[in-house]
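Visitor: Predicted coordinates and the sequence they were generated for:
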Amino acid sequence: MTKLSKFFGATAVIALMAGTAGAQSLTAGLAAAPSSMDPHFATTGQNQQVAAVLYDRLIHIDEEGNFAPGLATAWEVSEDLLTWTFTLREGVTFHDGSPFTAADAVFTFDRIPQVPNSPAPFTQRLAAIESAEAVDDYTLVITTSAPAPGLPTDLSTIYIVSQDVGDAASADFDRGTAAIGTGPYRQVSYSPGENLVLERNPDYWGDAPDFENVNIRFLENSASRVASLQAGEVDFIDAVPPNDLDRLREIAEIEVIAEPSARMVYMGVDQLEDTTVMIDPSVGNPFQDQRVREALSLAINREAIIDRIQFQSGAPANQFAPEGIFGHNPDIPQPEYDPERARALLEEAGYGDGWSMTIHGPAGRYVNDTDVLLAVGQMWSQIGLDINVENVPANVYFGAATDREFSAFMVAFGITTGESSLALRNVLGTADEDRGWGSNNRFSYSSEAFDAALSQAFEAFEDEDREAALREAAAIAAEDVAVIPLYWEGNNWAVRGELDFIPSPDGRSLITNLSTR
Amino acid sequence: MVYVIRRLLQAVFLALVMSFLVFTGIFAVGNPVDILISPEATQAERVLLIAQLGLDRPFHEQYLIFLGNVLQGDFGNSFVYNRPALGLILERMPATLELAFAAIMIAVVLGIPLGVYAGLRPGTLGSQTVMAGSILGFSVPNFWQAIMLIMVFSVMLGWFPVSGRGEVGEFLGIRSSLFTLNGLQHIALPAINLAIGHLALVIRLARSGTREVQSQDFIRFARAKGLTEPRIVIVHLLRNILIPIVTLVGMSFGGLIAFAVVTESIFAWPGMGKLIIDSIRQLDRPVVVAYLIVIVVIFIILNLLVDLLYSLIDPRIRLDGAKQ
């Protein structure tokens, strides 16, 4: 008994000490936990936003979205555009004290294809590399088989690990034994689904991080995430539900940061054959007619969706890349809401009497997705269609969409690389397994002009040419109404008063973007 | 002994049936690759992943490979976390066990006295309050209770933390957050939230048992003999109302372990319940199958314990198959 009470006493003291650690420690509540601490397991946002504070890349991206020196201080490409020479930063040490050299970069490139079972592999970001060689400790030479203008972009997402990692499995990163990076913070402990504890890296080569200790808690339930912030248990949360934004704004010690993301929610409509599964064969497939697709787009009141359903979080979309993402085309007109003209267009296309169909969307995958789909259904009913709305659990939904069981359905695509080429290639490119195009083109949009413009973007070496080609491709898709864009989802964060949070262009909840006032 | 062995064999059979049902079920729901794979992945990467996870093989082959691996103690790697499924579950089990234990203790320690009181003094104001409270207890939805508990006790009053598991202490070699003050503060609200429904059931069972037993001959005889009221209640009455309560507690405990999902996700409790729901959502078959097999084993062990307890409480009950 006395033993036990002593024990209670001791832990109470520890608890008190933890409480008074003070301004230098940070507790964050993030909605999405990483699937693995292995920085090479998956390119998903929740994995990368923790990897990015533990590991550096050769090339970093600054707040404006431009390239900045990371572990490489300079890079140049040979005249034949095939050989890249990177000068590496000297005097950088890993968290275990060993020095960073070119051999670690080569090791990282070799390790990535060896990571098994990855649902979102990094391999395509290394696809251009034919060989990588450490000429000396601080010179890395990369040879590509064809000119690879996207190499710096690709390398800006490759997390360099120490070669001491050896043949460690993903689980060794969760345990922490293999988690050796050069980043501003060091991994102290990780409990899957519970929390990740970090410590400042005192030897960091860049700006010293603001916090001595960081505890990232994974709070998946949005009500308890918001309550934790209100109770002062966490200093920072992400993915604030839009419904709570106004309430939090009114609290003096809490500040809300809301910005549109680069994740576009859209309706895909099946354009493959003369008939489509949800519409009576006697009607045919109206979606093959560009005028019909335009009519469906004109019928949607995007402002109302943002205003009423998303509580002003997000922005109406007209293309995959929002402003600030490479490939954004400012000349594409803002989508209008004009049900009159939509009806006239349907009439002109020979569908004046409308048709009846069921439209589909996932349940609980995107913010307020069921309400948005319902609104889309009602807006399409107003131009004379007979619409049924069906929401399907996400684990059934995406498989069914791939199996072409839907005719008009809601999907989102988030740009994570800072430029639009992957979105355009995977979602709108004509499906072609050999080329690796159109893996997400579940509605079979196909346009020769679009494919040609996009091919140019992949071949162009100069940034200007690439951007021009991406813009042209985006313009063709918009002209064709390849998909019916709805809106860019909002990213919402909230911090307690004494902190500042500056969102980065990729919309991630990076601990390094937080600072004390 | 024969009895115990027979029950364990039953467990193996049940686990086998369960694994087949779950395997078939998830196979019917859809292809995990469609939900796992990143929209940025190319077709080639998709094909590679399908092959690596073995999903390109026919169903019976996948199942037989799985069974073969299980016989060697390998439940496969989680599709989502890329780690051994069983390890993932066992790692989270202590958090769930301690939460379920705390909840069941609250239900029993508060429930039995309140129920017996309500049974002994029916019609009094106190008894009516207890009974009305118990109706509220199991009719108010669990998740709403949880959010109200957080709003009142954490956000408004600031007495308890909103969510998470507190510090873990070690006592007699067991690591649990029940052994630290900080841990107890963290577990209080989720345990109460989990306990309320079961507390209500225990109260009702204890009350009806008390009313039934109270009018029986042996109680009257004990009274006539002049035994004190505490002795009548504790020794004679309690022992005779315990059988249904032990059954309920046994089954409830299993249910609390297996399906504390709502409480665990609202209070961000790092237990198994949250894991299973995420895994079902993402069709993470190895985790779902391993989890349900673990649960089958837990239920069978609990059933066995309940049966053994019966014969302790009431010596008239003989275990089926045991030698007289």
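Guide: Alright, I've got the coordinates.

Visitor: Report how many residues lie close to the nearest residue to A:Asn492 once chain neighbours are set aside.
Guide: Once flanking residues are discounted, A:Asn492 sits nearest to A:Val240: 4.0 Å by C-beta to C-beta, 6 or more residues apart in numbering or on different chains. All C-beta atoms are positioned from the backbone trio N, CA, C, and that covers glycine. Here the count is done by other C-beta atoms under 10 Å in any protein chain shown, and A:Val240 has 25 residues near it.

Visitor: Need the mean per-residue confidence for stretch A:241-249.
Guide: Average pLDDT, stretch A:241-249: 91.

Visitor: Please compute how far stretch A:179-187 lies from its chain's middle.
Guide: Computed by C-alpha atoms, centre = their mean, to the nearest Å, the chain-centroid distance of stretch A:179-187 equals 22 Å.

Visitor: Need the contact partners of it.
Guide: The contact list for stretch A:179-187 (C-beta atoms under 8 Å, 6 or more residues apart in numbering or on different chains) reads A:37, A:39, A:52-56, A:71, A:92-96, A:98, A:100, A:159-162, A:164-165, A:173, A:176, A:190, A:196-201, A:204-209, A:214, A:511-512.

Visitor: run the last query once more with 7 Å
Guide: Residues outside stretch A:179-187 that contact it (C-beta atoms under 7 Å, 6 or more residues apart in numbering or on different chains): A:37, A:53-56, A:71, A:92, A:94-96, A:100, A:160-162, A:164-165, A:173, A:176, A:198-201, A:204, A:206, A:209, A:214, A:511-512.

Visitor: same question, stretch A:413-433
Guide: A:43, A:45, A:61, A:65, A:153, A:157, A:261-264, A:320-321, A:325-327, A:437-441, A:444-446, A:450-451, A:454, A:457-458, A:470, A:473-474, A:477, A:482, A:505-506, B:39-40, B:43.

Visitor: Pull out the buried members of the contacts of stretch A:179-187.
Guide: A:37, A:53-56, A:71, A:92, A:94-95, A:100, A:160-162, A:165, A:173, A:176, A:198-201, A:204, A:206, A:209, A:214, A:511-512 (16 or more other C-beta atoms under 10 Å in any protein chain shown).

Visitor: Tell me which entries of those lie within helices.
Guide: Per DSSP state H, helices hold the following members of the buried ones among the contacts of stretch A:179-187: A:Val53, A:Leu54, A:Phe173.

Visitor: which ones are touching A:His360?
Guide: A:Glu390, A:Val392, A:Phe406, A:Phe409.

Visitor: Show me which residues of the helix or strand where it lies are buried.
Guide: Here A:His360 is covered by strand A:356-363, with elements defined by DSSP states H and E. Neighbour-count burial for strand A:356-363 flags A:Met357, A:Thr358, A:Ile359, A:His360, A:Gly361, A:Pro362 (criterion: 16+ other C-beta under 10 Å).

Visitor: Regarding stretch A:67-77, how distant is the last residue from the first?
Guide: The first and final residues of stretch A:67-77 sit 15 Å from each other (C-alpha to C-alpha, to the nearest Å).

Visitor: element containing the closest residue to chain B within the stretch 251-400 of chain A, please.
Guide: Across the stretch 251-400 of chain A, no residue is closer to chain B than A:Gly399, which sits at 3.5 Å (C-beta to the nearest C-beta). Using DSSP H and E, A:Gly399 sits within helix A:394-402.

Visitor: Thank you kindly, that will do.
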